[in-house]
Each structure stands twice: as structure tokens, then as C-alpha cells.
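> take a look and give me a structure for this.
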Amino acid sequence: MRAALDLSNYEGSVSPDEVEFLRAHAAQVAAGCIVEVGSWRGKSAIALAAGASEIAEPHRPLVYCVDPHRQAVGVYGGRFGPHDRPEFYRAMLRAGYAEAVALINLPSAVVARAFAEPVGLLFIDGDHTEAAVQADVDAWTPHLLPGAMMLLDDALDPEVGPHKVIARLTASGRWRVHSAVGKVVALEMVSGA
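Reported below is the predicted structural model:
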């Protein structure tokens, strides 16, 4: 049995159980890369990279972290910006995953339009407004491989975007909840839908 990944000394809002949930899902990626939308200072990216590192070469997926690191105020009042970028790099170096991740400092929709790799796991944790979450889902869903999971953070609060978008996706019959830990929900596409 593998030891739990201790990220208590890293900044981020994912709990230890959510870290393990992300790590476990990343370790199951059978093909394609991993895309994280919204990386802030890298805690969840480390969890994804740790899971990906359990996959043998040459099939080990790269973790693409998409975060513009531009000035913004989140739905819960958090302040984000360029000052977070060096902290992201420091976290990757300290955790030993600097070569396992690729930070893309552009808005999600811009990256998705030009993205050429198939995606085996998508983790959405960027702008939590309903419109932004829906835009991330719409932009990245075409890149998902069959069987790929889509995870969303902060999915329990009915007042913010992830919860509302998940409700719409599951009501459509095209997606269903696969699993959830804490405030992170994993969705899977319904085959044949």
C-alpha cells in the first residue's frame, strides 16, 4: 500500500482526502494527458503529477496546468495574480515534479482552441462563476478521450458554478457522477449518450 501524499506544507484548498482522490484518478489515466484548469500555487497539480508518476514510461501522462495567473478575485474573495506564478514554480521544484508538469499561462479557452493532445483526465478548478465553469467544460470536452474522467472542485456549494454546471450535465443524461470525495466530484460520460 502506498503512503499518503503529505501536502500539508503546500498552499491550496484541497484536503488530504481530496489530494488522494486526485492522485488516484491521475494514476488511472490509460491514455492521453492530464489537464488542470486553474492551478493557483500548485498543490492539486502536485497530487495529479504524483498519480501520473505511478504510470510506467512511455505511457506516463504529462500534467498541463492551465492558469493565466492574472489579477482576479474569486467567488469566495480570494485574490489571485502574477504573484502566484513564482509560488507555483517553487512548489513544483520543492515537490520534485517540475519536469512532470507544464504550466501554460493563458486563459483556458485560448489554450483549448489550440490544444492538440487527447486528454485522459480533466480537472476544472479555475474561475468558479457558472459562465466560466460552463465555458471550461465546453472548451475541453471535445478533447476528452472515451472513458476520460472530468473532475470539478468546489462542487458542493449550490451558489457557485461547479455545482450548477454538474447539475445541468447530469440532467442532460450525457454525464453521471462516478465518485466524489469532499468537494471534488468526478464525472464520467455516459456511453452511447
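
> assign the most centrally placed residue in the chain to helix, strand or coil.
Compute the mean C-alpha point of the chain, and by C-alpha atoms, centre = their mean the closest residue is residue 123, 2.2 Å away. Secondary structure assignment for residue 123 (DSSP: H, G, I helix; E, B strand; the rest coil): strand.

> quick one: contacts for it?
22, 34-37, 44, 48, 150-153 (C-beta atoms under 8 Å, 6 or more residues apart in numbering). Quick note: C-beta positions are derived from backbone N, CA and C, even for glycine.

> how near is it to residue 77?
Using C-beta to C-beta, to the nearest Å, we find residue 123 at a distance of 22 Å from residue 77.

> give me the pLDDT for the nearest residue to residue 51 once chain neighbours are set aside.
Sequence neighbours aside, residue 26 is the residue nearest to residue 51 in space, at 2.7 Å (criterion: C-beta to C-beta, 6 or more residues apart in numbering). Among the per-residue scores, residue 26 holds a pLDDT of 98.

> for residue 26, grab phi and psi.
Torsion angles at residue 26 (phi, psi; degrees, to the nearest 10) stand at phi -60, psi -40.

> all further residue positions should be reported with the first residue as 476.
Sure thing, new numbering starts at 476, so read that last one as residue 501.

> residue 555: neighbour count?
For residue 555, the number of neighbouring residues by other C-beta atoms under 10 Å comes to 19.

> hang on, it packs against residue 514?
No - distance between residue 555 and residue 514: 10.4 Å, which falls outside the contact criterion (C-beta atoms under 8 Å).

> where does this structure have low pLDDT?
Low-confidence regions of the chain, defined by pLDDT under 70, span residues 476, 667-668.

> what ranges do the strands span in it?
Across the chain, reading from the start of the chain, the strands by DSSP state E fall at 508-512, 538-541, 547-548, 554-555, 576-579, 594-599, 619-627, 650-656, 659-664.

> understood, closing this out.
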